[in-house]
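K.L.:
Here you go, sequence then predicted model.
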Amino acid sequence: MEQLTLKPISKVSGSITLPGSKSLSNRILLLAALAEGTTEVHNLLDSDDIRHMLGALAQMGVSVTLNADKTVATVHGCAGQLKTPEEVLFLGNAGTAYRPLTAVLAATPGRFELIGEPRMEERPIGHLVDAMTTLGANIQYLKSTDYPPLLIEGKKITGGQVDIDGSISSQFLTALLMAAPLFTGDTHIRIKGELVSKPYIDITIGVMAQFGVEVVNDNYQSFTVKGLQQYKSPDRIMVEGDASSASYFIAAAAISGGEIEINGVGKQSVQGDIGFANVMEQVGANVEWFDEKLIVRKGKLTGVDIDANAIPDAAMTLATVALFAKGPTAIRNIYNWRVKETDRLAAMATELRKVGAQVTEGHDFIEINPPTTIKLTDIDTYNDHRIAMCFAMVAVGGHEIIINDPGCTAKTFPTFFNVLESISTY
Ligand SMILES: O=C(O)C1=C[C@@H](OP(=O)(O)O)[C@@H](O)[C@H](O)C1
Ligand SMILES: C=C(OP(=O)(O)O)C(=O)O
């Protein structure tokens, strides 16, 4: 296994430009593929999750050309006419590819087998399959009930009234919303349970609007989408920087001495994870807000007690910021950390203890007491990009750390360690 030893960093300072948002990139690619017309997508993310979406679209006959660095894509929309692929669709561990494609392909005539990495087979999808089945879809589980892989016999879906459980993942509702315009009648969706990760629904509704489709959102309790609508290309669309990826640099500036200019997200961001910058202000960081950039400086950091349900991805970064804050940090209402790239509650607790923190791992929360001295150790990353990136904060805090399998950042941020290096002084 590859290992990366990060030397103690004495200061981070300088300017970075974020790669495009994963959540926006995959939504935009899918809707551009389904749309009528050609869409030029700028600042597309080049990472594993996006490659899986692009690969699947190509297998279904969508023509996409990429520029040399794969950040500009020209997508020739198929006006809803996806072809039946000859081979299975392998979607890695990309939730933003697997979930929306499940709903869209269930409403697309043809036969589709959706597979993924071993971890994808442990990530639940039953709530989405249940909702689609209520609407008449034909989706079969190929291994275990409620989990991928799936066999989908796509067919016309008429829409109607449907309930969906929103308590485990917002991606199921995102998937249903994105597929609903393809149904032949109107769809009225009611949320069962508490809807988690709500800001991602705003991203979905926003991107659908850019492709000409309106969603009526009644206070995140019910949603209405008209049937038989054609997505329309906006011709040109820009992907804003990834707000979850920004969290590592916001945290780095807050922990270390220098000043970091983070280009690509700011006051205007449509991504909920921008809220991490507000959380870091509460922790004590000095954040200067611009429309599309942030400048972050160090502050006197104090632990906080927050409900992180709206920012599940960026909140992981707070768990390693906690190592350098005064007093305990509690991150609450994050049960679904357990069903992401790994069981993130268990993994973070284990790895934080290895560096010396005292950690309480609850059913849906984690509480971290910073250590008096940070221990040199290697960090297991569990094929989870965010664990690798979070624990880089230990080096930013001035302590050597070894990251096992650093290549796992390829899921969303393949150049992460190079970007960090570019602003680091040792
Ligand atoms: O819709 C999206 O783009 C995402 C939604 C969130 O998942 P959940 O809704 O499962 O929390 C988030 O963790 C994931 O990285 C991306
Ligand atoms: C949970 C994540 O990914 P996915 O889109 O596969 O759910 C993540 O990127 O942290």
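P.N.:
Received, thanks. Numbering: from 1, shown residues only. Ligands and ions are numbered 1, 2, ... in the order given.
K.L.:
With adjacent residues omitted, what lies nearest to the closest residue to ligand 2 within the stretch 1-150 of the chain?
P.N.:
Evaluated by Cβ to the nearest ligand atom, the stretch 1-150 of the chain has residue 95 as its residue closest to ligand 2, separated by 2.7 Å. (Each C-beta comes from the backbone N, C-alpha and C, glycine too.) Beyond its immediate neighbours in the sequence, the residue positioned closest to residue 95 (Cβ to Cβ, 6 or more residues apart in numbering) is residue 171, lying 5.2 Å away.
K.L.:
looking at it, the one you found is touching residue 97, isn't it?
P.N.:
No - in this structure, residue 171 is not within contact of residue 97 by Cβ atoms under 8 Å, at 10.1 Å.
K.L.:
These two - which one has more neighbours?
P.N.:
When neighbours are counted by other Cβ atoms under 10 Å, residue 171 and residue 97 differ, and residue 97 comes out ahead with 30 against 25.
K.L.:
how deep is residue 60 tucked in, by neighbour count?
P.N.:
By the measure other Cβ under 10 Å, the count of residues near residue 60 is 22.
K.L.:
Give me the nearest residue to it, chain neighbours excluded.
P.N.:
Distances taken as Cβ to Cβ, 6+ apart put residue 82 closest to residue 60, at 4.2 Å, once the chain neighbours are dropped.
K.L.:
Who are the contact partners of residue 179?
P.N.:
For residue 179, the residues meeting the contact criterion (Cβ atoms under 8 Å, 6 or more residues apart in numbering) are 100, 103, 104, 106, 107, 132, 157.
K.L.:
pretty sure the first one belongs to a strand, no?
P.N.:
It stands for residue 100. No - using DSSP: H, G, I helix; E, B strand; the rest coil, the assignment for residue 100 is helix, not a strand.
K.L.:
I'd like to know how far it sits from residue 222.
P.N.:
Distance check for residue 100 against residue 222: by Cβ to Cβ, to the nearest Å, it reads 20 Å.
K.L.:
May I ask you to confirm that residue 54 is in contact with residue 29?
P.N.:
Yes - contact status for residue 54 versus residue 29: in contact at 6.6 Å, counting by Cβ under 8 Å.
K.L.:
So between these two, which is more surrounded?
P.N.:
Applying other Cβ under 10 Å to residue 54 and residue 29 shows that residue 29 carries more neighbours, namely 27 against 23.
K.L.:
so that one sits right up against residue 52, yeah?
P.N.:
No - taking contact to mean Cβ under 8 Å, the distance of 10.4 Å between residue 29 and residue 52 leaves them out of contact.
K.L.:
So, low pLDDT: which residues of the stretch 151-300 of the chain?
P.N.:
Low-confidence segments of the stretch 151-300 of the chain, defined by pLDDT under 70, are absent.
K.L.:
for the stretch 1-150 of the chain, that is, sorry about that
P.N.:
Counting by pLDDT under 70, not a single residue of the stretch 1-150 of the chain qualifies.
K.L.:
Around ligand 1, pick out the residues from it.
P.N.:
Contact residues of the stretch 1-150 of the chain with respect to ligand 1, defined by Cβ under 6 Å from any ligand atom, are listed as 23, 95, 96.
K.L.:
and which of those residues is nearest ligand 1?
P.N.:
The shortest distance between ligand 1 and any of those, using Cβ to the nearest ligand atom, involves residue 23 and amounts to 3.1 Å.
K.L.:
host element of the closest one?
P.N.:
Here residue 23, judged by DSSP states H and E, is contained in helix 22-34.
K.L.:
So which elements touch that helix?
P.N.:
Contact partners of helix 22-34 among helices and strands, from 3 or more Cβ pairs under 8 Å, 6 or more residues apart in numbering; DSSP states H and E: strand 38-42, helix 48-59, strand 73-76, helix 95-106, helix 171-179, helix 199-210.
K.L.:
okay but residue 298 is in contact with residue 253, surely?
P.N.:
Yes - under the criterion of Cβ under 8 Å, residue 298 is in contact with residue 253, at a separation of 6.6 Å.
K.L.:
which residues do those two both contact?
P.N.:
With contacts defined as Cβ under 8 Å, 6+ apart, the residues shared by residue 298 and residue 253 are residue 285.
K.L.:
between these two, who's got more neighbours?
P.N.:
For the pair residue 298 and residue 253, the greater number of neighbours falls to residue 253 (28 against 19), based on other Cβ under 10 Å.
K.L.:
Got the phi and psi for the more buried one?
P.N.:
Comment: the main-chain dihedrals of residue 253 come out as phi -60, psi -40, following degrees, to the nearest 10.
K.L.:
contacting residues around it?
P.N.:
Residues in contact with residue 253, defined by Cβ under 8 Å, 6+ apart, are 12, 259, 260, 285, 296, 297, 298.
K.L.:
I'd like these as a markdown table, with distance to residue 35 appended.
P.N.:
Rendered in a markdown table, the data for those read as follows (distance: Cβ to Cβ, whole Å):
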| residue | distance to residue 35 |
| --- | --- |
| 12 | 41 |
| 259 | 42 |
| 260 | 37 |
| 285 | 40 |
| 296 | 37 |
| 297 | 43 |
| 298 | 45 |
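K.L.:
Could you identify the buried members of those residues?
P.N.:
Among the contacts of residue 253, those that count as buried by neighbour count (16 or more other Cβ atoms under 10 Å) are 12, 259, 260, 285, 296, 297, 298.
K.L.:
now for those residues, which pair is the farthest apart?
P.N.:
Farthest-apart pair in those is 12 and 285; separation 12.7 Å (Cβ to Cβ).
K.L.:
can you list residues touching both of residue 54 and residue 29?
P.N.:
Counting by Cβ under 8 Å, 6+ apart, the residues touching both residue 54 and residue 29 are 64, 73.
K.L.:
Pull the contacting residues for the closest residue to residue 226 other than its chain neighbours.
P.N.:
Taking Cβ to Cβ, 6+ apart, and ignoring the residues beside it in sequence, residue 226 has residue 186 as its nearest neighbour in space, at 5.2 Å. Contacts for residue 186 were tallied using Cβ under 8 Å, 6+ apart; they are 159, 160, 224, 225, 226, 227.
K.L.:
and of those residues, the nearest to ligand 1?
P.N.:
Checking the contacts of residue 186 against ligand 1 by Cβ to the nearest ligand atom gives residue 225 as the nearest, at 16.9 Å.
K.L.:
The closest one bridge partners, please.
P.N.:
residue 187 (DSSP bridges).
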